[in-house]
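J.: Below is the structure, and that's it, no one-letter string:
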């Protein structure tokens, strides 16, 4: 792709998809036909600054073309770049950054089959082989093996996407060869997704706090949500005022649930206190950690709770606009949230005068496009702004210069939803749940060798053994992976670990995002570690050398070790430790810093390759 515009032209479908998002072009500078063009349009460009201010529409524009046609041609990219005055080379770099986009012709239907940890243990390799034998080249369906689809409680899983107007999707989980082929060839005839409540084994229990409405309320009904306590927290927030809300959140002891465990009240206070405006609220709903699906279940089963939580965060921090960055592989969550946002606007719960309190707040929904790195907050900001999703160096921190260079508070879905019980119960009552240093309830994503996989809600302080017992762990347990691919393994005799931030840290592991993945003795551990290494190699953005090179060297060493064990592996294990330390100490962001964790824990705790 050249730095300059080429001679390729968009097709009618491609032009229509982009114009539906941006509106028709106003001059030939934006790609309008020259017939009937005014003379002044040929003499000077107009609206360049305004067009550049719309660069953040680059990602939605790429989605529009990819959804309509199935891939992004040079002509479509050129036309989108003219509309937004983005250099084609930069837009090409963005389009090729994401796994859900293609810049070369491909069939209109793509079947994504998960080959990650939970699905691999549930027979994904055999499933892929069966599907590929049925959907050979020429079938009109492209079969792509890919990373976790966030459907681990129903592994193995597949997602079919058929381009068109409108784009059609079908989720198939648990997937068999016949059901996956049917989903790919006839998306409308694919089996309906089960209710979100089926992913919550405790659904309906009166002891639940965060999950109490999942499976109880109609996720499409705002009235049902309000009848079950919805918008009580926002009304209390207006009564407390912004400073009062931040004080309650601070006193509750709430910390981030995405893995970093940073105090939420401090983050909100730092954002609210910045003199620069505007401020922004960003919800990170791009959960892509293998084994994580709790945010998906919340968004599918209780979407209005997230909208109310974001509104409270905006009110407390002085923000009037929020961005909800949703993982691209979650079509049902996208539909539920889009409907909920439109309902809230129509009912005065979003817009210029929220609940008649004179406070203006609105939410814009943005779709990711398949990039694990965009779960890192600054990479997410770059993605929204229409740039490659690469992390930024810190400082400055997001509370100082975040989205669009302005003070920004960023939280994930589970963290935000915790704000509702804090305001309805009060900070002291909320802090009484859990332990002194890890307060409140916590969601855990349990999958693998258990009888009842799903999202579990327990107060901080419950042990790993209690959680596994509730999920019905099967006999022959060999290892448990805590925290996902970026976490660590523990042995079956270590299930007395308390599930708190401090408890897991003292045990030499991590709680991470709440992944609890059980593996029995039927799963070959070396192949599991190879899959983790391949995941990090694929998902590294390549910006910094320690991660870009280290993840490749880690996978290469593991391949050599799998082929020979014992004394011959000692040199490669020493190399793995050296590479792991370099990635941990020198990588820009958490991806490189944690890419060695699971492999290290398997070697040290499980005696892998001994």
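T.: The structure has been received and is ready for your questions. Computed from a prediction, not measured in an experiment: that's the story for all the values here. Numbers count the residues shown, from 1 in each chain.

J.: where does the stretch 451-600 of the chain have low pLDDT?
T.: For the stretch 451-600 of the chain, applying pLDDT under 70 flags the ranges 565-567.

J.: err, the chain, not the other one
T.: Screening the chain residue by residue with the criterion pLDDT under 70, one finds the ranges 1-4, 28-29, 33-52, 187-192, 565-567, 609-610.

J.: For the longest helix anywhere in it, which outside residues touch it?
T.: The residue-count maximum for a helix in the chain (DSSP state H) belongs to helix 232-252. Outside helix 232-252, the residues that touch it by CB atoms under 8 Å, 6 or more residues apart in numbering are 263-266, 268-269, 272, 308-309, 311-312, 315-318, 349, 354-355, 357, 359, 419-424, 426-428, 430-431, 439-440. Any C-beta I mention is one placed from the backbone N, CA and C, and that applies to glycine too.

J.: Buried among those? Make that a PyMOL selection.
T.: Restricted to buried positions by 16 or more other CB atoms under 10 Å, the PyMOL selection for the contacts of helix 232-252 reads:
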select buried, resi 264+265+268+269+272+308+309+311+312+315+316+317+318+349+354+359+419+420+421+422+423+427+430+431+439+440
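
J.: rewinding a little: can you list the buried residues in the longest helix of the chain?
T.: In terms of neighbour count (16+ other CB under 10 Å), helix 232-252 has its buried residues at 233-234, 236-238, 240, 242, 245-252.

J.: Could you identify the helix or strand that succeeds it?
T.: helix 264-272 (DSSP states H and E).

J.: Report the angle between the next helix or strand after that following helix and helix 264-272.
T.: Counting by DSSP H and E, the next helix or strand C-terminal to helix 264-272 is strand 279-285. Orientation of strand 279-285 against helix 264-272 (axes from the mean of the first three to the mean of the last three CA atoms, to 10 degrees) gives an angle of 140 degrees.

J.: contact partners of strand 279-285?
T.: Residues lying outside strand 279-285 but in contact with it, judged by CB under 8 Å, 6+ apart, are 258, 271-272, 295, 299, 306, 310, 313-314, 317-327, 330, 333, 375, 377, 380-381, 384, 402-404, 406-413, 416.

J.: any idea how far the longest helix of the chain is from the chain center?
T.: In terms of CA atoms, centre = their mean, to the nearest Å, the centre of helix 232-252 is set 27 Å apart from its chain centre.

J.: what angle do that helix and helix 264-272 make?
T.: Going by the same axes, to 10 degrees, helix 232-252 makes 100 degrees with helix 264-272.

J.: Where do the strands of the stretch 1-150 of the chain begin and end?
T.: In the stretch 1-150 of the chain, strands defined by DSSP state E, counting those that start in this stretch lie at 109-114, 141-146, listed in chain order.

J.: Show me the helices in the stretch 501-610 of the chain, by range?
T.: 501-506, 525-539, 545-563, 570-586, 590-594, 597-605 (DSSP state H, counting those that start in this stretch).

J.: Flag every buried residue along the second one.
T.: What that stands for is helix 525-539. Counting neighbours by 16+ other CB under 10 Å, the buried set in helix 525-539 is 525-526, 528-537, 539.

J.: What is the nearest of these to residue 98?
T.: Nearest to residue 98 among these, counting by CB to CB, is residue 539 at 11.4 Å.

J.: Look up how far residue 32 lies from that closest one.
T.: Counting by CB to CB, to the nearest Å, the gap from residue 539 to residue 32 is 40 Å.

J.: Repeat that for residue 224.
T.: Applying CB to CB, one obtains 47 Å for the distance of residue 224 from residue 32.

J.: cool, and residue 568?
T.: Distance of residue 568 to residue 32, computed by CB to CB: 67 Å.

J.: When those two are compared, which one has more neighbours?
T.: residue 32 (16 against 12; other CB atoms under 10 Å).

J.: which residues sit in contact with the residue nearest to that one when sequence neighbours are not counted?
T.: The shortest distance from residue 32 to any residue that is not its chain neighbour, by CB to CB, 6 or more residues apart in numbering, is 4.1 Å, and that residue is residue 25. Shown in contact with residue 25 (CB under 8 Å, 6+ apart): 19, 31, 32, 82, 83.

J.: 7 Å instead?
T.: When contacts are counted by CB atoms under 7 Å, 6 or more residues apart in numbering, residue 25 is found next to 31, 32, 83.

J.: Residue 328 and residue 368 touch, don't they?
T.: Yes - at 4.5 Å, residue 328 and residue 368 qualify as touching, with contact defined as CB atoms under 7 Å.

J.: quick one: which helix or strand includes residue 348?
T.: Taking DSSP H and E as the criterion, residue 348 maps to no regular element, lying outside all helices and strands.

J.: Once you drop chain neighbours, what's closest to residue 218?
T.: Closest residue to residue 218 in three dimensions, ignoring its sequence neighbours and counting by CB to CB, 6+ apart: residue 224, at 4.6 Å.

J.: what's the spacing between that neighbour and residue 303?
T.: From residue 224 over to residue 303 (counting by CB to CB), the distance is 12 Å.

J.: now do residue 325
T.: Here the criterion is CB to CB. By it, residue 325 lies 15 Å from residue 303.

J.: now residue 93
T.: Using CB to CB, we find residue 93 at a distance of 33 Å from residue 303.

J.: Just want to know which of the two has more residues nearby.
T.: Neighbours were tallied for residue 93 and for residue 303 using other CB under 10 Å; the higher tally belongs to residue 303 (25 against 14).

J.: Tell me which stretches of the stretch 51-200 of the chain form helices.
T.: Counting by DSSP H, counting those that start in this stretch, one finds helices in the stretch 51-200 of the chain at the ranges 58-69, 74-84, 88-95, 117-121, 124-134, 177-185.

J.: can you give me how far the fourth one is from the chain middle?
T.: Going back to what we said before, that points to helix 117-121. Here the centre of mass of C-alpha atoms in helix 117-121, compared against the chain's by CA atoms, centre = their mean, lies 19 Å away.

J.: Counting neighbours, which bits of it end up buried?
T.: Taking 16+ other CB under 10 Å as the criterion, helix 117-121 shows 117, 118, 119, 120, 121 as buried.

J.: Check stretch 458-473 too.
T.: If you call a residue buried by 16+ other CB under 10 Å, then stretch 458-473 has these buried ones: 458-468, 470-471, 473.

J.: quick one: it to chain centroid distance?
T.: The gap between where stretch 458-473 is centred and where its chain is centred comes out at 25 Å by CA atoms, centre = their mean.

J.: Would you mind measuring the gap between the ends of it?
T.: The distance separating the two terminal residues of stretch 458-473, taken as CA to CA, to the nearest Å, comes to 17 Å.

J.: from now on call the first residue 546
T.: Sure thing, new numbering starts at 546, so read that last one as stretch 1003-1018.

J.: can you list contacts of it?
T.: Contacts with stretch 1003-1018, where a contact means CB under 7 Å, 6+ apart, come from 978-980, 983-987, 989, 991, 994-998, 1001, 1025, 1040-1045, 1061, 1063.

J.: mind redoing it with 6 Å?
T.: 978-980, 983, 986-987, 989, 991, 995-997, 1040-1045, 1063 (CB atoms under 6 Å, 6 or more residues apart in numbering).

J.: List only buried entries from those.
T.: Of the members of the contacts of stretch 1003-1018, the ones counted as buried by neighbours, 16+ other CB under 10 Å, are 978-980, 983, 986-987, 989, 991, 995, 1040, 1042-1045, 1063.
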